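Participant: Fold the following for me, if possible:
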Amino acid sequence: LDFGPSGNIYCGGSGNAIYRVKPDGSSEVAADYAGVGIKAVRVFNDYVYVGGDSTGHQCIWRNEIISADELGAKEIYFDWSNEIDPVYEVLSITFAADGDMYIGTNAPEAIIIVHPGKTYEPLYPGALEPTSYALCWGNGSYLYVNRRSDDITKKRIIRIDMQDKEGAPYYGRQ
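Facilitator: Numbering: from 1, shown residues only. Below you'll find the model as predicted:
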């Protein structure tokens, strides 16, 4: 789930849709995602980004936020399966303030950066291990990673100093 600029919460899962929970507690379907197992939702720059699996094909889609009560049509933003590898999953999405998208994954390079021009590269190649189950920017230039593993010695929360790079705003933070 993630908050939008008008206080709505956008959330997904296995319910075949993005749901909008309004500040008054009411909820409704905001966008149809039939056949998509939604793994990640993030609001950035007037779009709701959705990462997930559609019958074995991993993608990141987005819907423009038209108003507090309306999302635009779903469009493919990044075709993960064709660009990276269909074997690996999109598990989490977050953004830097400059528009770089960070994707947590179970791929050998645990975090992939997708730049606004759709070029991509791993974050710190060879230094991070999968699985990057959840990503979240803290205050300042720290990116936090929830790393899952069947090996208890590798399970942990990691704080990555992103140097001069800062995260995009989270609307749910005050």
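Participant: can you list the residues that contact the longest strand along the chain?
Facilitator: The residue-count maximum for a strand in the chain (DSSP state E) belongs to strand 57-67. Residues external to strand 57-67 that are found in contact with it (CB atoms under 8 Å, 6 or more residues apart in numbering): 4-6, 18, 30-31, 33, 36, 43, 46-52, 71-81, 84, 86, 88-90, 93, 101, 103, 114. (C-beta placed from N, C-alpha, C; glycine too.)
Participant: Filter those down to just the ones in helices.
Facilitator: Residues of the contacts of strand 57-67 located in helices (DSSP state H): 80-81.
Participant: Among the contacts of strand 57-67, name the ones in strands.
Facilitator: Those of the contacts of strand 57-67 lying in strands (DSSP E): 18, 30-31, 36, 43, 47-52, 71, 75-78, 90, 93, 101, 103, 114.
Participant: are any of those residues buried, and which?
Facilitator: 18, 30-31, 36, 43, 47-52, 71, 77-78, 90, 93, 101, 103, 114 (16 or more other CB atoms under 10 Å).
Participant: low-scoring pLDDT stretches of the chain, where are they?
Facilitator: 174 (pLDDT under 70).
Participant: ok, now which ones touch the nearest residue to Gly7 once chain neighbours are set aside?
Facilitator: Excluding the flanking residues, the one nearest Gly7 by CB to CB, 6 or more residues apart in numbering is Pro23, at 4.3 Å. Contact analysis of Pro23 by CB under 8 Å, 6+ apart lists 6-8.
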